[in-house]
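Trainee: My questions are about this predicted structure, shown below with the sequence.
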Amino acid sequence: MSNAIWSCLQFHALALEVFLPRHGQAVAVIEQEQVYGCSQAAQENGIEAGMSTTTALALSDALQVYPRNHSLEQQALKQLLASLYQFTPCLTIYPPNSVLMELGSCQRLHGNLAALLEQMSHVCQSRGYHPVAGVAATPKAAQLLCHYRQQAAYWFNHEGLDHLLVEQHIQQAPTEWLAVSEQDIANLKRVGLETLGDLQALPDRELATRFDRHFLQGWQQLQGLRADPQCFYQPPTHYDESLAFDEGIQHQHGLLFPIKTLLQSLCLYLRTRDCLSRYLHWSFYGLKRQLGEIRIELNSESRDWQSMWELTRLRLEQWHCKEPVLSLQLQCDRFIETPAAAESLFPELEKNAADINPLLDRLRARIGDQAIEWPQGQASHLPELAGYYRPQKNTPPITAKQPMPFRPAWLLAKPVPLQFQQQQLQWQRPLQLLRGPERIDGEWWRPRHSCRDYFIASDDRGACYWVYREQASQRWYLHGLFA
């Protein structure tokens, strides 16, 4: 790839930053009874890398120590990959503490690569990680230049990547920066090869007599003389992220900010995969056990973190935490593809359905799924048997309106007998028939079927009623009320 531009973001303080130390807090990471890394506040107390744990604790009573957690570091790098995937699909973890990206293939899309890398660095910093950048024509060269601990803009000029500057820094780099064995570094020193410029002056044939095949292969890959294939990151098929807290969170309001952080990460994942979610699963953990969980079924597909946050807040108000929460987990494994934009034959119906979905989500979050019921139809001509209500999690599909007889929205649970005096119906007030009859002969195959003639009636105040006359008994009944 002749136009390849590789960038490496290296996180020198990753082992420390995964524990999210607060500003001014003296923190040290311990590995094999020695300080592996420490915060600025700890350094001001005289603590430094390589110092024994006992000495470090003697220098600062307020020092907080953590054992190095390699799995937590790898998890942090994977989270950074998911966050940076929105900028380029060609990225991978470069051991032990770096993210490697190929940017040449997306230069036409983004234009200014220096600004793009600054934006990537800002994304990392927003998650609490502070990278340095190396930019070169090969992956190994980009990783090597991270030792200079420069920001991304350093490697660019007004025309783009400054190839002359990159080549100068590569030649000036000490051989100790090569990712080779300690024996190889000692051999380089013994023959007087102090910099990569010295190494570059030697022909490969002479190098092959002094070093093994793996050293020569890596050196050729650094120079771009041999292919260096990379296995690029693929987003996981499900979302599963968590946050841990040094000090437990006792109240629900204290969980709202970390919930917001995880939801923003989820929405970034949804945009990356170009999909929508209808399900959230929150889990809350204490010191030794799970404290509780919240499952939220979304009535409408969404990747809007504000609406998800509001629904989670409503459900969180109903959950009472009896112990401090030490970690929070968000899982989501039910996704649907983002539907393609297309015009509908009935746009007003789809708009009405979309407008009601956020309201239904809020109602369900506040009063529960079983509190919302939808009308359902069944095969019967009798009005009292033609429909019923049942709980339903999702909005029923809305279809085009069909011509139907005029019906009231409110049917009485049981028809009420009416009085018929002096050729006029009576129910609290005299009624006058306005429209009818409409005959409904329901379930005629049964021995005691009902044959009715329905009318629309009104009183002198304008209220409308749905009444019928039973054919068998010629008696009148009130069956429904119009709004």
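Mentor: Noted; the coordinates are in hand.

Trainee: Quick check: bridge partners of the closest residue to residue 370 other than its chain neighbours?
Mentor: Nearest residue to residue 370 in three dimensions, chain neighbours excluded: residue 391, at 5.1 Å (CB to CB, 6 or more residues apart in numbering). Bear in mind the C-beta positions are built from the backbone N, C-alpha and C, glycine included. Residue 391 has the following beta-bridge partners by DSSP bridges: residue 373.

Trainee: my guess is residue 391 meets residue 373, correct?
Mentor: Yes: look at residue 391 against residue 373 with CB atoms under 8 Å: they come within range, at 5.5 Å.

Trainee: Would you map out the domains in the protein?
Mentor: Domain segmentation of the chain under automatic domain parsing yields 6-18+69-223, 239-337, 410-481.

Trainee: so can I have CSV of the ones you listed showing distance to residue 47 and mean pLDDT?
Mentor: Below are the domains of the chain laid out as CSV (distance: least, CB to CB, whole Å; pLDDT from 0 to 100):
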stretch, distance to residue 47, mean pLDDT
domain 6-18+69-223, 12, 91
domain 239-337, 19, 87
domain 410-481, 76, 88
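
Trainee: okay, these in TSV with mean neighbour count next?
Mentor: TSV is the format used below for those (neighbours: other CB atoms under 10 Å):
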stretch	mean neighbour count
domain 6-18+69-223	17
domain 239-337	16
domain 410-481	14
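
Trainee: quick one, which of those domains is nearest to residue 366?
Mentor: When those are compared for distance to residue 366 using CB to CB, the nearest one is domain 239-337, at 5.2 Å.

Trainee: what's the first-to-last distance across the closest one?
Mentor: End-to-end distance for domain 239-337: 15 Å, by CA to CA, to the nearest Å.

Trainee: can you give me the offset of it from its chain's centre?
Mentor: 9 Å (CA atoms, centre = their mean, to the nearest Å).

Trainee: Generate CSV for the domains of the chain, with distance to residue 364 as supplementary columns.
Mentor: Compiled in CSV, those are given as follows (distance: least, CB to CB, whole Å):
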stretch, distance to residue 364
domain 6-18+69-223, 29
domain 239-337, 7
domain 410-481, 24
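
Trainee: Please name whichever of those domains is nearest to residue 368.
Mentor: Set against residue 368 and scored by CB to CB, the domains of the chain come closest in domain 239-337, at 8.9 Å.

Trainee: Show me where the stretch 1-150 of the chain has its helices.
Mentor: When assigned using DSSP state H, counting those that start in this stretch, the helices of the stretch 1-150 of the chain occupy the ranges 14-17, 40-44, 53-59, 70-84, 107-110, 113-126, 139-145.

Trainee: The fourth one - contacts with which helices or strands?
Mentor: With contacts defined as 3 or more CB pairs under 8 Å, 6 or more residues apart in numbering; DSSP states H and E, helix 70-84 has these neighbours: helix 14-17, strand 91-94, strand 98-102, helix 113-126, helix 256-273.

Trainee: if we go to 10 Å?
Mentor: helix 14-17, strand 91-94, strand 98-102, helix 113-126, strand 239-249, helix 256-273 (3 or more CB pairs under 10 Å, 6 or more residues apart in numbering; DSSP states H and E).

Trainee: contacting residues around residue 58?
Mentor: Applying CB atoms under 10 Å, 6 or more residues apart in numbering, one finds that residue 58 lies in contact with 46-47, 51-52.

Trainee: Tell me the strands beside whichever strand or helix holds residue 281, with direction?
Mentor: When elements are defined using DSSP states H and E, residue 281 is found to belong to strand 275-285. Based on DSSP bridges, the pairing partners of strand 275-285 within the sheet are strand 290-302 (antiparallel), strand 325-332 (antiparallel), strand 335-337 (antiparallel).

Trainee: From residue 430, how far out is the residue of the chain most remote from its centre?
Mentor: In the chain, counting by CA atoms, centre = their mean, residue 422 sits farthest out from the average C-alpha position, at 71.7 Å. Distance of residue 422 to residue 430, computed by CB to CB, to the nearest Å: 9 Å.

Trainee: try residue 107
Mentor: Summarising the geometry, the distance separating residue 107 from residue 430, computed by CB to CB, is 84 Å.

Trainee: what does residue 244 give?
Mentor: As for residue 244, its distance to residue 430 is 75 Å (criterion: CB to CB).

Trainee: swap in residue 278?
Mentor: Counting by CB to CB, the gap between residue 278 and residue 430 amounts to 54 Å.

Trainee: before we move on, what about residue 442?
Mentor: To residue 430, residue 442 is 29 Å away according to CB to CB.

Trainee: Please name the spatially closest residue to the spatially most central residue of the chain (chain neighbours excluded).
Mentor: Closest to where the C-alpha atoms of the chain average out (CA atoms, centre = their mean) is residue 266, at 0.7 Å. Leaving out its chain neighbours, the residue that sits closest to residue 266 by CB to CB, 6+ apart is residue 239, at 5.6 Å.
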